[in-house]
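Enquirer: Sequence and predicted model, in that order:
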Number of protein chains: 2
Amino acid sequence: MDKPKILSGFRDSLPSDMIERNRLIEKIRETFELFGFDPIETPSLEYYSTLAGKEGGDSEMLMYNFEDLGKRHVGLIYDLTVPVSRMIATNPEIAMPFKRYQIQRVWRADRPQKGRYREFHQCDVDIFGDEDVTADAEIVTVISSALSNIGFENFVININSREILDAILTHFSVADDKKRNVIIEIDKLDKIGADGVTKELDKIGVSNGSEIIDLLSFEGTSEEKLEKFTSVLSGDEAGANALAQVARIIKLAKLGGAKVTFDPSLARGQSYYTGPVFEAKLTDIKFGSIAGGGRYDKLVGIFSGREIPAVGASLGFDRILAAMKEIGISSSCLSVADVYILHFGESTLEYSLRVASKIRESGINVITGYGNKKMKWQMKHAVSKGVKAIVIIGEDEVSGNSVTIKDTNTREQKTITFDELSSEMEKICK
Amino acid sequence: MDKPKILSGFRDSLPSDMIERNRLIEKIRETFELFGFDPIETPSLEYYSTLAGKEGGDSEMLMYNFEDLGKRHVGLIYDLTVPVSRMIATNPEIAMPFKRYQIQRVWRADRPQKGRYREFHQCDVDIFGDEDVTADAEIVTVISSALSNIGFENFVININSREILDAILTHFSVADDKKRNVIIEIDKLDKIGADGVTKELDKIGVSNGSEIIDLLSFEGTSEEKLEKFTSVLSGDEAGANALAQVARIIKLAKLGGAKVTFDPSLARGQSYYTGPVFEAKLTDIKFGSIAGGGRYDKLVGIFSGREIPAVGASLGFDRILAAMKEIGISSSCLSVADVYILHFGESTLEYSLRVASKIRESGINVITGYGNKKMKWQMKHAVSKGVKAIVIIGEDEVSGNSVTIKDTNTREQKTITFDELSSEMEKICK
């Protein structure tokens, strides 16, 4: 028989990976729920016509799509924004404002590369039906809180607005039809530096690129930068309004404990953003963005037929896991088990099951050993599971109503009575 | 624009459903981990050749399958047993015995009907690589514990063995080539009764059906039934061994607190079981099975090319949710939010954000209200979220550094200081 293979671009999550993923999801969910965001899930398959055709280009090219047994043209979802828009359209009982989070698998038939898979989890948090800046501030705050709760200390959420960038470019006499391309170049500032961007801008016919970059690179606190740009853009009503909006979001988000700062050079690629945009970055390592979002007041209407303002963010699940590893805040773990019970076969089996039940009552995870295997094998097996304690049950323990426990950390070993079991185990494992 | 539609047989999980699903998953995971089962996940897509062709018939007919952009014939997984077998084959570093649980979406292009969907969660727990009956007993125990942890009180896990049924049929002179069909009819005992099954057996040429049913319906405790069948099958070595095995599993599982009983009439449909089989049923309502499993020592080898004994069970996720509703142990919930902060706009907004942060420090889920909406709207919105407490912040509260709280259960309302906030909120919400 041919050995079965896994599909290229797909992956198995073995226990140690999976335990870490589950913990991360738990922390993210906990934070989202603290802010009153409710969980939802939607189908993995939707009509192709729902998924396609509105954003055009990329997403269609990368979509897994086929004809099902009922001759319907269907596709696997490639993000969570389109499905939630469809859900809002088909469930008119959903009252606005609607605050939801959604953590689900999505699929993209992209070229696989290191850290990029064809199937991955997306993790979205959004507020639908609220056009007020308090909603933008809440999204910034919940993302900042989630990153703190995960264990990140050195990060910042950069915030800007499409309209600010637009006003700046107008100020520097960049023609409207060139703005999009200029913004794409400015987005590369982090990667290719000021000189690089200036050269690129020159190539597309913007000769005052260095002046633009100079202004965008103005150093200072958020307040100083806001003041500077307010004076530069004082004649531009839309620009001044956008600056006031961003200032307000920063103030409210900081009240909620968010680490947020004004970054006038922040562009964000997606064209569907209509107002403030933001992006979370680590400040102690060079890593790129680990979360991002913004306001997109037109998109839900396109997919749902119901005009609904929206602001939200995505946490980059795989990127966060990678960043945790790089910084060293991920707790790698071989198994969920805390305790391994090692015993000597038939005559000790029943007592070992009683001991296991007793320990589990304290919410401690226990593997009951394999009494049909040699002691040496069991010991090796216990070590391979990375448990905190090994409980040894021989005939002496059975007759003495006792257990021998070994703390795998301190390597201390002692024999205690059955009644002392719970308190001793809690000491070692909790 | 055409209003987008959801695909037939698929469903949205709105907040109240989703909160309940998440709680159920949490309880199941907690129980599985108490017994040292580790979580894994595998891809949703596999090569069609991996998924198809081994079980034949049904699963192939019902599989979503298509040619991907790379011209590979792929399919959406229809269960979790084939994927884990493939995973074991392609990850030889996985050491045996391997205890894993897996909760994931699977797809079947089945005809949709009430309670049956084309996309649903499967929830499997298995021990691979251990041929000893202690493994069978552990699976029975973990399933029983999970059902108890979920909140079921009146249930039983019926256990039998393929070899016992086989020996009984031999005892009644049923020819080997008829046994499969006879077992299929016996499986209907619950639904069509003794007379119905006797008639069906007669139709397929088994005239002594009533005697078979009589014996299978023998009443008594597990011990009495085991004794009875041991005496009946005393001349049949395989049958006697299987009875001893089942007796042993019952004894060990009961030591672990499992509610388990011998049911010689239990058949279980799937043909891949090779030894003991079991099935969990509620005893206070007529509901059919909510979990089931058994030993399948040949199946992993067929899919992975590596012979590995296995025993495991599946919890029927949607059936369990339906049973919880019917018994009244599901706690329906409109939102994750515990507290709603209602405030009077601009002048009260900043203070209300401080109050929200403070309450969240106690791990309580808070919605900060919509100060741009009228008080009446906010009150109605708060009620629609089913919160336990409403916090009211007006200008008096801001100037007095206080908050007014209303317990939505007792309808009691009082004004307290900011410093009393945490303890008062914990009293109401925890």
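Expert: Looks like it arrived, so ask away. Residues are numbered from 1 along each chain as shown, chains lettered A, B, ... in the order given.
Enquirer: Show me what from the stretch 101-250 of chain A comes close to chain B.
Expert: A:R105, A:W107, A:A109, A:E119, A:D130, A:D132, A:T134, A:E138 (C-beta under 8 Å from any C-beta of the partner chain). Quick note: C-beta positions are derived from backbone N, CA and C, even for glycine.
Enquirer: same thing but at 6 Å, please
Expert: Residues of the stretch 101-250 of chain A lying close to chain B by C-beta under 6 Å from any C-beta of the partner chain are A:A109, A:E119, A:D132.
Enquirer: Quick check: A:S231 vs chain B, distance?
Expert: 26 Å (C-beta to the nearest C-beta, to the nearest Å).
Enquirer: Now that residue: phi and psi?
Expert: phi -70, psi -40 (degrees, to the nearest 10).
Enquirer: Compute the number of surrounding residues for it.
Expert: 8 (other C-beta atoms under 10 Å in any protein chain shown).
Enquirer: for A:T415, same thing?
Expert: Using other C-beta under 10 Å, A:T415 has 13 other residues around it.
Enquirer: What of A:S332?
Expert: As a burial measure, A:S332 scores 10 neighbours (other C-beta under 10 Å).
Enquirer: give the contact list for the residue most central in space within chain A.
Expert: What sits nearest the mean C-alpha location of chain A, by C-alpha atoms, centre = their mean, is A:L315, with 3.0 Å. The neighbours of A:L315, taking C-beta atoms under 6 Å, 6 or more residues apart in numbering or on different chains as the test, are A:C123, A:A291.
Enquirer: Tell me where the stretch 201-350 of chain A is predicted with low confidence.
Expert: Filtered on pLDDT under 70, the stretch 201-350 of chain A yields the residue ranges A:269.
Enquirer: just the strands in it please.
Expert: Taking DSSP state E, counting those that start in this stretch as the test, the strands found in the stretch 201-350 of chain A are A:260-262, A:276-282, A:289-295, A:310-315, A:339-343.
Enquirer: how about these in CSV, adding distance to A:K5?
Expert: Listed next are these as CSV, based on distance: least, C-beta to C-beta, whole Å:
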stretch, distance to A:K5
strand A:260-262, 46
strand A:276-282, 36
strand A:289-295, 32
strand A:310-315, 31
strand A:339-343, 34
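Enquirer: and of these, who's closest to B:W377?
Expert: strand A:310-315 (19.9 Å; C-beta to C-beta).
Enquirer: picking that back up, nearest to B:L282 among the residues of the stretch 101-250 of chain A next to chain B?
Expert: Of all those, B:L282 sits closest to A:E119, with 36.5 Å by C-beta to C-beta.
Enquirer: if we can go back for a sec, so for B:K225, which of the strands of the stretch 201-350 of chain A sits nearest?
Expert: Closest to B:K225 of the strands of the stretch 201-350 of chain A is strand A:339-343 (C-beta to C-beta; 30.2 Å).
Enquirer: Which residues does the closest one contact?
Expert: Contacts for strand A:339-343 (C-beta under 6 Å, 6+ apart): A:352, A:356, A:359, A:364, A:366-369, A:371, A:378, A:382, A:387, A:389-393.
Enquirer: Can you tell me which of the residues of the stretch 101-250 of chain A next to chain B are buried?
Expert: Buried members of those, counted by 16 or more other C-beta atoms under 10 Å in any protein chain shown: A:A109, A:E119, A:D132.
Enquirer: distance of the second one from B:K254?
Expert: From A:E119 across to B:K254, the span is 42 Å (C-beta to C-beta, to the nearest Å).
Enquirer: still on that earlier bit, from the contacts of strand A:339-343, list the ones also adjacent to chain B.
Expert: Among these, proximity to chain B is found for A:V366, A:I367 (C-beta under 6 Å from any C-beta).
Enquirer: what's the neighbour count on A:K427?
Expert: Neighbours of A:K427 under the rule other C-beta under 10 Å: 10.
Enquirer: To which secondary structure element type does it belong?
Expert: helix (DSSP: H, G, I helix; E, B strand; the rest coil).
Enquirer: any idea of the pLDDT on it?
Expert: Here the pLDDT value assigned to A:K427 is 94.
Enquirer: How about A:D136?
Expert: 97.
Enquirer: cool, the one 3 residues further on as well?
Expert: Note for A:I139: predicted pLDDT of 98.
Enquirer: same thing with the one 3 residues further on?
Expert: Per-residue confidence (pLDDT) for A:V142: 98.
Enquirer: Three-state assignment for it, please.
Expert: Put simply, A:V142 is helix when judged by three-state DSSP.
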